[in-house]
Structures are given as structure tokens and as C-alpha cells.
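**Student:** Take a look and give me a structure for this.
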Amino acid sequence: MLRRPPRRIGDEHARRVIETLVVVAERARSATRADGEVVELAPVGTIRSFAVGGVVVRIDEEPAGSGIASEVLALSALADARAPSSHEPLAPALLGHGVMPVDGRAHPWLAHEAARGAPLTAPLSSAGAIELGRAFAGLHGARVFDLLSRLPNERPLTLFESFRRTTEQLRSWMLFREADGLGQDLLTLTLSDLQRALRQLALASDHLFLTARRRTLCHGAPSLACAIARDDDDARSSEGSARSDEGAAPRAVQLVRFDQCYRGDAAEDLAGLSIAARLSDDDEELLLESYLDGLAALGRSDPRFVPRYFARRALALLAVPIARLALLARLKNGEAPLVDDPIEALERETRAAYEELARAMNGLRDLGGRARPVAVVEVMAMGRLVAYEEMLLSGTLFHVAITGLAYTGKTEVGSLLAHRLTHVFFSTTAIGRALALVERRAFDGKPAPDARRLVAELFDAGFAMRASDAPPYYRALILGDDVTDALHAGTDPLRGAELLADAGVRGALAAELQRRFDALGLVVEGPHAHELMRRDARRFHLVDDRDVRRARLMSHRPEIADEDDADAALDLLDAAIEAPGSEATTIHLASRPAPAATLEVLWHLLPAERRRHGPADLSGRAPLFP
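**Tutor:** Predicted coordinates for the structure are as follows:
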């Protein structure tokens, strides 16, 4: 039986997968038929793990993933890498590996013995810190030269190279936030300050990493979850024998989950472990002492390790949460494959990121000039990490009408909204000009005899609009040809405005839009947009400061170079704009860019239980969880 439901990827084939896993486990153990009970362990990335009768089977939901192949290499190499003080292996014995056909795709898998024990948990005891140090000493001291050219990251990065990688990830995340509509806030300013302070430290300590260092087998994703405290009889019996061997204690910890292993700098691996385990100063000292003693016992002492470790640890305090922030951006973009629900994964990673950011700010507060430690809730109040309102709305169809004052950026907001919701997008101004173009082509430049016939002619010709991130923020197509530039030339703009002002044309447009797109998500922006939508459509009205609108007008129309002339033009345009109805939600841009206004519209579309803090808090605390 399956103790918990299968996860998101491959759910429809979960039962067949599990049946196959039982067979694989039986073959790997060369035993009689297992009882069939399968327990799914916590997934990491795209790799799902199942415990089947004393065997763990791991399968990668991403067929192109390389994690299982790396883990097979590591487990094979570690099979004979044992410390002289104990007969306990560093890692479980590899029982088998291969590919498993699921839904016509070959998924890599491996099977290894299940360690009889439980993962270490925080806070660690002093004995746990000592055993963990010994286990990683055995890992980093293992002689596995055959992996030199078979695992990634062969050349360990210097400290400054690692710092530059962190800086690039921070910059990418900030640009991603900006595209999401989140501007600069206290969180981004604090991280920028820490980055600048760490630059001096990285430069000062970089010389420690310029000389060639022994490349060791690194775990790659060290955490307490990858360290299993063995509690089986064999481990206890080996303890007594091992204590008599030169006074060395046994290795009671076995390491698992080597899917991100690589050949690199041991100091980077252990620094990541120390941060993930949240060690106190005393436990960190015990970890280092047992680690260095373990290396010495293996004849693999590293006299320059301690300064490298503390330099790596200082950088890792910031690099770890920054890497998670970059992961958040990739998860939202769909660039990082997921096993579980994307919203659950994003919220889980967001919580972890806030905790890691708080730890970084506290650990580096002397560099950042902070006088006191900060709590996680304070870091949450500094700013949001990413905006994913559109993901919460995924699969929900809306009919949205966007009107507003002239030169408030309605077209850009409407285009962004349609893109983020994956809805059909139309601009009423572009529709009017397209009608004029079709009228000129189909009726020899004469007025169309019937509004319905003209509108039908336009849509029968395959008129469509695609949202774009460049001005004019859409591309218009007729008969498959891009006519965007044509809509802005000649007399079509004037004639289009005349047609759009005709109530009969608007009625025909409303009927046609409802007939063709009633069952689809639809965003319509521009003059008279509310008249073209059905009654239950969500309506928004954009306003902005006169100074901003004046500047935008003068940048769009270079012939207007005087502010008085610009104000006169705005007054004329505003006079023709219909007042918003009582059902419309007014959004004041307040000089914010279009992505920020789009984010506020998305916030208003969220269900009530998700709108906890209010639209004014969009660039502050995360509204998605308490």
C-alpha cells in the first residue's frame, strides 16, 4: 500500500511506478517477494525516494536529470572507502541502477540499502556534532581519484569567483523582482549593503584559495537530512570494537542523497553543512575538531583548512539564501522542474529563504553595521522575495476591462496582465484602427454599409493581438501578417477613432467579442473597454499624477515641447474619457511602473483569503502566508 498520495508529476501512473519499484527492490535484494508496502520519503528536487522492505529506491522524475547518475558514481566509489577505525561504510551499499519506462519516457533510478536509523535533527547534540564531523572527514578523505573527470565542478572556485557568482545571482533576482512589479525596498538595500561589505572580505581572503588544493568528493547539498544516525545492532557492536582501536570513536552516521555531489573544495562543503545544521559556536568547534582529527587519522590532513573554512562560511551565509532566491525565480519561470505543486514549493522555499536571510543578517551584522540581531518576522517585513499572484490565479478565467486617463500606461498594463494570466488581449484603440484598415481594403476606402458586417470582416480575417514587452506593447495580426506598424500610419488612426465613437460599432464589437471569447480569459483595455465586456467583467480604472502623464505625453509626441501645450492636450483627451462606474476599481499608479500596477490588479483578482495585508503592502510583507 502507499502511505501517502503520489505527488504532482506522474500522478496518473503512480500505482504502476510503485508496482515497478517493488519488483526492482526484490531484484536488488535477491530476496523473496517483499510485502508490497511502499513508503514515500520526502522528495528533494525532482528525485522521489521510496522505502521498500529494507531497500530505498530513488527515481528522477526528470528524464534528462543527471543527479541519479552522479549518485551512482559516488556510491560505487565510496563502497571501498572506509576509515581504518571502523568497518562501517560511509554510504549505503548500491544494489542496482538503471532506467525505468514511465509514460513512454526513461527515468533513471537506483536502489541502495536502507540505513536503519533516522536523519539528524536540529538542534544537534554535542555527540551528534562530533559524529557528523567524523562522517564528513571520511567523505572528504576518501581516495576516489577515478571520479576526477566524471563529476561536475572539477576545479574548485576561489573565494572571489564564488563571490562573483553570488553577486550575479543577486542581480538576476533583483531584475526578476522588478519585472514582477516589486521595486526597491529595505530588503534589497540590506542585501546590497551586505554584498558590498563581503566584497572586501572576499578580496582580503582570496589568496587562501589561489594555490592548488586537493579536490575532494563533496556532498554538494549537505544538511542534517542527508545524515542518518544508525541505530542498528551492527553499528552498536562495531562501536565497542572501534573504541579499542587507537581510542577512536566509531562512525555512527551514514550519508545519503549524493545526487548533487561533485569534486571540489572540502571547506565549501563543510561550511554549507555548518550553516544548514544551525550549529552553535560550541558545536561548530566540536564539528571542526572531530573533522580535522578524522582527516589526520586518514592521513589526509589539510593545514590550511581552518582559515579557508571560516572564509567560505562567511561568504556562504549570504550565498546560501541568494542561491535560494535565484531558485525561486527559476521555479516561477518554470526553468527548474518540480515534483510537488509549484505554489506549495514556492511558499516552502520562501519560508526557508526568509530564515536563511535572517541568519545571514545576524551572522554578518558586524559587516553590515547592525547593532542587534533581527528576527525572521522583521526580515519578512523588509520586502517580498518574488510575486506569484498569477500562479495563484492559474486556471481561473477572467474578463477584465481596463480604462483610465490618457497616458497612464493602460496598454502596457493590459498587455502585461494578459501575458501573466495567459489571456487573450485586445486594445480598443488598435481594434478601431484595424477596423479602419479593413474598411479601406475591403470597401475601396468607402464607409462600410453595416457595422456588424465590418466587425465580422475584421475577425473573419483572423484579427488577433499578441501581448508584447516593447512599445506599443502589442503586435496586431490580420491574415497572419503583422500589421502593427500599418495601424499607426496614414489616416487609419483618425478613422479608427471615429468608428470607435459610433455606438453601433461598439455594440457589434461587444457582441462579436462575447461570441468568440466568452469561454476564454479576456483582457480589453482602452476607451470604451467597459462597454465591450459582459456585465460580470472585472473593471479597473487607471489614474496617475499630472506631471508623470505630461512627461509621458511629451516623450510620445515630440511635436509638443511646451508644458502648457501638453496640459492643454491632456485636458482635451481627458474630456473625452468616460467616468468609471461605481463597480470599477480605481488604481493610482503614483509614478509606479506598469509592472507594479499590473501586480496590484492581480492582487485584486485574488480570492479574499489571499488578500491579507492590502494592495499598499505589495512591496512590503509577503501577503501569501502569515
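**Student:** just checking, next helix/strand downstream of the one helix or strand residue 59 maps to?
**Tutor:** Using DSSP states H and E, residue 59 sits within strand 55-60. Helices and strands here follow DSSP H and E; after strand 55-60, the next one along the chain is helix 67-78.
**Student:** Tell me the helices and strands packed up against that next one.
**Tutor:** When contacts are defined as 3 or more Cβ pairs under 8 Å, 6 or more residues apart in numbering; DSSP states H and E, helix 67-78 packs onto strand 55-60, strand 94-102, strand 105-113, strand 216-218. C-betas here are computed from N, CA, C, even on glycine.
**Student:** most tightly surrounded among those?
**Tutor:** Of the helices and strands packed on helix 67-78, the one with the most neighbours on average (mean count of other Cβ atoms under 10 Å) is strand 216-218, at a mean of 26.
**Student:** list the helices and strands that strand packs on?
**Tutor:** Using 3+ Cβ pairs under 8 Å, 6+ apart, strand 216-218 sits against helix 67-78, helix 126-141, strand 262-264, helix 266-277.
**Student:** Can you name the residues that contact the residue nearest to residue 218 when sequence neighbours are not counted?
**Tutor:** Of all residues not flanking residue 218 in the chain, residue 269 sits nearest, at 3.9 Å (Cβ to Cβ, 6 or more residues apart in numbering). By Cβ atoms under 8 Å, 6 or more residues apart in numbering, the residues touching residue 269 are 136, 140, 216, 218, 219, 220, 222.
**Student:** Now flag whichever of the residues you listed is closest to residue 433.
**Tutor:** residue 220 (56.5 Å; Cβ to Cβ).
**Student:** thought that closest one was touching residue 258?
**Tutor:** Yes - applying Cβ atoms under 8 Å, one finds residue 220 in contact with residue 258, separated by 7.4 Å.
**Student:** The closest residue to residue 226 other than its chain neighbours: what secondary structure?
**Tutor:** Spatial nearest neighbour of residue 226, chain neighbours left out: residue 257 (4.5 Å); criterion: Cβ to Cβ, 6+ apart. What DSSP: H, G, I helix; E, B strand; the rest coil gives for residue 257 is coil.
**Student:** and residue 257, how many neighbours?
**Tutor:** Residue 257: 27 surrounding residues under other Cβ atoms under 10 Å.
**Student:** list the contacts for it?
**Tutor:** Here residue 257 is in contact with 44, 71, 219, 221, 225, 226 (Cβ under 8 Å, 6+ apart).
**Student:** returning to that earlier point: neighbour count for residue 220 and residue 258, which is higher?
**Tutor:** Per other Cβ under 10 Å, whichever of residue 220 and residue 258 has more neighbours is residue 258, with 29 against 22.
**Student:** hang on, residue 122 packs against residue 275?
**Tutor:** No - using Cβ under 8 Å, residue 122 is not in contact with residue 275, being 11.5 Å away.
**Student:** Looking at the two now, which is surrounded by more residues?
**Tutor:** In this view residue 122 and residue 275 are compared by other Cβ under 10 Å, and residue 275 has more residues nearby, 22 against 11.
**Student:** contacting residues around that one?
**Tutor:** 313, 316, 317, 320, 356, 359.
**Student:** pLDDT value on it, please?
**Tutor:** We note a pLDDT of 90 for residue 275 in this prediction.
**Student:** what's the answer for residue 242, then?
**Tutor:** So residue 242 comes in at 38 (pLDDT).
**Student:** Then the one 5 residues further on?
**Tutor:** Per-residue pLDDT puts residue 247 at 36.
**Student:** Does residue 445 lie in a helix or a strand, and which?
**Tutor:** Per DSSP H and E: residue 445 is located in neither a helix nor a strand.
**Student:** What about residue 345, how many residues nearby?
**Tutor:** 19.
**Student:** Tell me how many other residues crowd residue 219.
**Tutor:** 26.
**Student:** Kindly report the same for residue 200.
**Tutor:** Neighbour number of residue 200 under other Cβ under 10 Å is 10.
**Student:** could you measure it against residue 314, distance?
**Tutor:** Separation of residue 200 from residue 314 (Cβ to Cβ, to the nearest Å) stands at 11 Å.
**Student:** again, but for residue 143
**Tutor:** Relative to residue 314, and taking Cβ to Cβ, residue 143 is found at 30 Å.
**Student:** now residue 601
**Tutor:** 42 Å.
**Student:** So which of those two has more stuff around it?
**Tutor:** Each of residue 601 and residue 314 had its neighbours counted (other Cβ under 10 Å), and the higher figure belongs to residue 601 (26 against 20).
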